[in-house]
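# the sequence and its predicted three-dimensional model are supplied below.
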Amino acid sequence: IILFIGLVHFTSSQQCDAIYLINDDGVAIPIFPIDACVNALQSEVEVSFEYSCNADNEPIQTVYFDFGCTSSAVSEEPMNITTFSCKSTSGVSCDYTIVQQNDDSTGSCGSDYIQVPLIVDSCIEINATHS
C-alpha cells in the first residue's frame with residue numbers, strides 16, 4: 001500500500017460544515033467535509049462518493065458509479081447517528097485536502113486507489129490541557 005498526499009487544498013475554517021465523529025468523551029471531531037466529492041477506482045470500476053446532511057440533519061454517504069459525483073446516486077445511506085453528527089448550518093466550508101491511497105500488492109503505485117477528504121486547519125480541544 002502506497003500513500004500519496006495530494007497538494008490540493010480547499011478553503012475555510014473551524015466549526016465548518018462537516019460530518020463529525022463523536023468520541024467517547026463527547027468531543028465532536030470534524031472528519032468529512034460536506035459535499036466534497038472524492039473518487040475511487042477498483043478493478044477498473046469508477047466510483048465517487050460524498051457526504052451530506054439529510055432534511056433531519058442526519059449524516060448521509062452518497063455513492064455514484066462515475067468520477068465527480070455527477071451521475072444518479074446508486075446509494076444514499078445514513079450513517080450511524082450515535083457515532084456521527086452532521087453540521088451543515090454554518091454555511092462555512094471546511095478547509096480540506098484530498099489524500100489518495102493507491103493499492104497494489106507489488107508495492108508500486110497501481111491503478112486501484114481511493115481518495116479521502118482530510119480536514120485541515122482545525123483545532124480540537126480534547127480537555128483543558130490538550131488540543
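Alright, I've got the coordinates.

# CA only for contacts and neighbour counts going forward, please
Will do.

# for Val27, give its distance to Tyr20.
According to C-alpha to C-alpha, to the nearest Å, Val27 stands 9 Å off from Tyr20.

# give me the more crowded residue out of these two.
Neighbours were tallied for Val27 and for Tyr20 using other C-alpha atoms under 10 Å; the higher tally belongs to Tyr20 (20 against 14).

# which strand or helix spans that one?
strand 18-22 (DSSP states H and E).

# for that strand, give the mean pLDDT please.
Strand 18-22 comes out with an average pLDDT of 89.

# for it, C-alpha coordinates in PDB please.
These are the backbone C-alpha positions of strand 18-22, laid out as PDB (Å, rounded to 0.1, in the frame of the first residue of the first chain):
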ATOM      1  CA  ALA A  18     -18.900  18.600   8.200                       C
ATOM      2  CA  ILE A  19     -19.700  15.200   9.400                       C
ATOM      3  CA  TYR A  20     -18.300  15.000  12.900                       C
ATOM      4  CA  LEU A  21     -17.100  11.900  14.800                       C
ATOM      5  CA  ILE A  22     -18.300  11.900  18.400                       C
END
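
# elements contacting it?
Judged by 3 or more C-alpha pairs under 8 Å, 6 or more residues apart in numbering; DSSP states H and E, the packing partners of strand 18-22 are strand 28-33, strand 45-53, strand 84-87.

# ok, now with 10 Å
Strand 18-22 is packed against strand 28-33, strand 45-53, strand 59-64, strand 84-87, with contacts defined by 3 or more C-alpha pairs under 10 Å, 6 or more residues apart in numbering; DSSP states H and E.

# great, nothing more from me.
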